[in-house]
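Participant: what would the 3D arrangement of this be:
(2 chains)
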Amino acid sequence: MQTFRIGGVHPAENKLSADQPIKVAELPKVAVYPMGQHIGAPAKCIVQKGDKVKVGTMIAEAGGFVSAPIFSGVSGTVLKVDTVIDASGYAKPAVYITVEGDEWEPSIDRSETLVTLKDKPELTPEEIVNKIKAAGVVGMGGACFPTHVKLCPPPGAKPEWVIINAVECEPYLTADHRLMLEKADEILVGVDLLMKGGKVNKGYIGIEENKPDAIKLLTEKCKAQYPNIEVVPLKTKYPQGGEKQLIDAVVRRQVPAPPAIPVNVGAIVQNVGTAYAVYEAVMKNKPLFERIVTVTGKSLKQPSNFLARMGTPMSQLIDACGGLPEDTGKVIGGGPMMGKALVNTEVPICKGSSGILIMNDKEARRGEPQPCIRCAKCVGACPMGLEPYLLATASGKQMWERVEAEDITSCIECGSCQFTCPSNRPMLDLIRLGKQTVMGIIRARQAK
Amino acid sequence: MYWVILALVPALICSFISFGMGAIITTAISVAACVLTEWVINKFLLGSSKCTVCDGSAALTGILLAFNMPSNIAPWIIVIGAIFAIGVVKMTFGGLGCNLFNPALAGRAFLLISFPVDMTTWPLPGQGFGTYLDAETGATPLALMSQAFKGDTSALSQLPSVSDMLLGNTGGCLGEVCALAMLLGLVILLVKKVITWHIPVSIIATVFVFSGLLSLINPVQYANPVAEVLSGGLLLGAIFMATDYVTSPMSKSGQLVYGIAIGLLTLIIRTWGAYPEGMSFAILIMNAFVPLINSKFKPKRFGEVPAKK
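Facilitator: Down below sits the predicted model:
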């Protein structure tokens, strides 16, 4: 079975909520929308205190080409424009909306009927990309890169395939898995749209073998209706959901070090949740204002998958699963490998909120760091072929030139090194520090 | 660390069967001396409250040091070796993870130079379980090979049989004689993923191929490759000493280079050097090259692996 060729680890999968159907989450009383929900320029707020909004009303416009507009997921009145601490831990400008009823913009098609490209053959690639851009669709896997940017390759790059990231390699998370089981037809239309929008003829859907039901379902549907889309089962290994790892696993090509981007080797990678959002945006006129969120944890009463409106505070979803357990040690936004610990549970659901993981006190504690015994396990685990022990040690000693020479900027911050370290060393913390510092040094150098 | 110690237990048992109580006494003294040295240095020289003894590395050094000595060696020599291994080679460099050289091997080399007679007077196996300082001594396979190279045409014919070498029924250091126990240890280390195959396999394969070539040229002067691989500290070194995390290279390609170089050096020292045994010196020499190997043999970065389909 295919997988990426360098490094990787296999943490315990812990997919506790895999058999929980997606539930529609209740509307919040007050919804909060931070302006920076994507990579690139923050969106610009276009509403004021007292404005009336409906579900699907634009409340912030894109702040540049690499940016995306933000839409209200609720109907009601703008309470204030203030700041909120989001999942990154930083305070961001945000719009607060008091929820009144549930009135949708009339332009949104709320019917369940499936619309395929066969029903709308007149759609041109440009129209598709423009609709995606207008609907504020960004990468739903967590990185939140604006989707339309990936469909507009830089001059000289020729995309050959759309690769759909459905591996969900993070332990615990099941949002993509459930989406594939429940919305398979819509996802495939979305892939079709992405292929047409990106002007390519071949699509791949990479799914890890720990989701055999999704592999089977999508394979059957592709065979019957979409001969250009191929489901590729992949060996379960972390971080297969990394964009570069997925391309290597599926088409056996490696994206060179930055500034090369995936499309330089011919690949446009999109998350499976993004494919669904693209379907809704293009075929149903529905901007991105809700998403699937996995709420999970070993001590949680009922781990679940929710369809939640953006702006909903995470505490509300945790309450819907039986409340925060007594022995909670840490609440993480995202999965256990790459997620970040939340400052508080009032952080709103945003475009990139794939999951909420509640770790008990014991799981949340780190082991006491021991001296590095140079066992080289991190070197073997690094999916980028780096030497994490060296990067971590040199970053700790602030040897910025050295870590830059050792390719620290290639690090994808997957945490495989720290996961595999027998001495409990805080490698990723140190490497992140080094990477951020080096990126800053590089930017300053270029600015000169 | 504890898996490595466990992987050494079969060899210790075999050694007890071959050499009697001496094997156990020597190992116990060595472990106690190593652990005590580390504890004393931590407590009184460094004033550290941390208990680094519990990580098992000092005990492991003790076992490996003992495995590199004859089983009838005097206790005070063992203690000197342990103090040198832990005190000088390990702790002066900063303790666990910081030493350049393998402490146990450096300890052995120190003793070999300081007490050449005691360190090369090997007890003969099978003298009963009570044997220690009173053991009868005799030549080891490696000494016979060395004699053969120097012109003694009958020496190679006196080599013990392959089955004797596998079972440890020959003279030698207490941990190295039983090849089967070493291989069992290798299997444990590989299955538990403590080490990868790269270093041991590259060493053993290099010695096998290189000595095979020499033996083809002149079978009277040079021993056959099987005897070369099974004798002396080669397996002990290849499996337990050269694979020491701290003193071996980090990348897979670097580990292969390191292993091949150790194999070549071992055979060169064994064949043309003054000492019949070359393994420990070969590893120590290559330990010194590890920083250089680490800087020249990097893991292959992502993006450098060619496309294939």
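Participant: make it CA atoms for all contacts and neighbour counts henceforth
Facilitator: OK.
Participant: tell me how the chain divides into domains.
Facilitator: Reading this off chain A. A:23-99, A:125-283, A:290-364, A:377-447 (automatic domain parsing).
Participant: hm, I was asking about chain B
Facilitator: Split by automatic domain parsing, chain B gives B:2-119, B:139-296.
Participant: now check the longest helix anywhere in chain A, is it near chain B?
Facilitator: Secondary structure assigned by DSSP state H gives helix A:427-447 as the longest helix of chain A. No: figure legend: helix A:427-447 not in contact with chain B (C-alpha under 8 Å from any C-alpha of the partner chain); closest approach 15.8 Å.
Participant: report all helices and strands that that helix contacts.
Facilitator: Here helix A:427-447 touches helix A:388-396, helix A:400-405, helix A:416-420, going by 3 or more C-alpha pairs under 8 Å, 6 or more residues apart in numbering or on different chains; DSSP states H and E.
Participant: can I get the first one in CSV, CA atoms only?
Facilitator: Taking Å, rounded to 0.1, in the frame of the first residue of the first chain, the C-alpha atoms of helix A:388-396 are listed here in CSV:
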residue,chain,number,x,y,z
PRO,A,388,15.4,17.6,14.6
TYR,A,389,17.9,16.9,17.4
LEU,A,390,20.3,19.4,15.8
LEU,A,391,17.7,22.0,15.0
ALA,A,392,16.3,21.8,18.5
THR,A,393,19.6,22.0,20.3
ALA,A,394,21.0,24.8,18.0
SER,A,395,17.7,26.7,18.4
GLY,A,396,18.0,26.4,22.1
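Participant: OK, contacts around residue 3?
Facilitator: Using chain A here. Applying C-alpha atoms under 8 Å, 6 or more residues apart in numbering or on different chains to A:Thr3 gives the contacts A:234-237, A:240, A:246, A:248-250.
Participant: my bad, chain B
Facilitator: B:188-189, B:192, B:194.
Participant: which one of those is nearest chain A?
Facilitator: Checking these against chain A by C-alpha to the nearest C-alpha gives B:Val194 as the nearest, at 8.8 Å.
Participant: which bits of chain A sit near chain B?
Facilitator: A:6, A:251-257, A:371-376, A:379-380, A:383-387.
Participant: quick check, the residue in the stretch 51-200 of chain B closest to chain A?
Facilitator: Of all residues in the stretch 51-200 of chain B, B:Gly97 sits closest to chain A, at 4.2 Å by C-alpha to the nearest C-alpha.
Participant: give me the element the nearest residue to that residue once chain neighbours are set aside is part of.
Facilitator: Nearest non-adjacent residue to B:Gly97, counting by C-alpha to C-alpha, 6 or more residues apart in numbering or on different chains: A:Ile373, 4.2 Å away. Using DSSP states H and E, A:Ile373 falls within no helix or strand.
Participant: count the residues that sit near A:Ile373.
Facilitator: 18 (other C-alpha atoms under 10 Å in any protein chain shown).
Participant: go ahead and confirm it touches B:Leu96.
Facilitator: Yes: using C-alpha atoms under 8 Å, A:Ile373 is in contact with B:Leu96, at 6.7 Å.
Participant: quick one: low-confidence parts of chain A?
Facilitator: By pLDDT under 70, chain A has no low-scoring segment.
Participant: just the strands in the stretch 251-400 of chain A please.
Facilitator: Here the stretch 251-400 of chain A has its strands, by DSSP state E, counting those that start in this stretch, at A:267-271, A:290-296, A:304-309, A:328-333, A:340-341, A:355-360.
Participant: adding mean neighbour count, write these out as a markdown table.
Facilitator: Shown next, in a markdown table, are the strands of the stretch 251-400 of chain A (neighbours: other C-alpha atoms under 10 Å in any protein chain shown):
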| stretch | mean neighbour count |
| --- | --- |
| strand A:267-271 | 26 |
| strand A:290-296 | 27 |
| strand A:304-309 | 25 |
| strand A:328-333 | 21 |
| strand A:340-341 | 20 |
| strand A:355-360 | 26 |
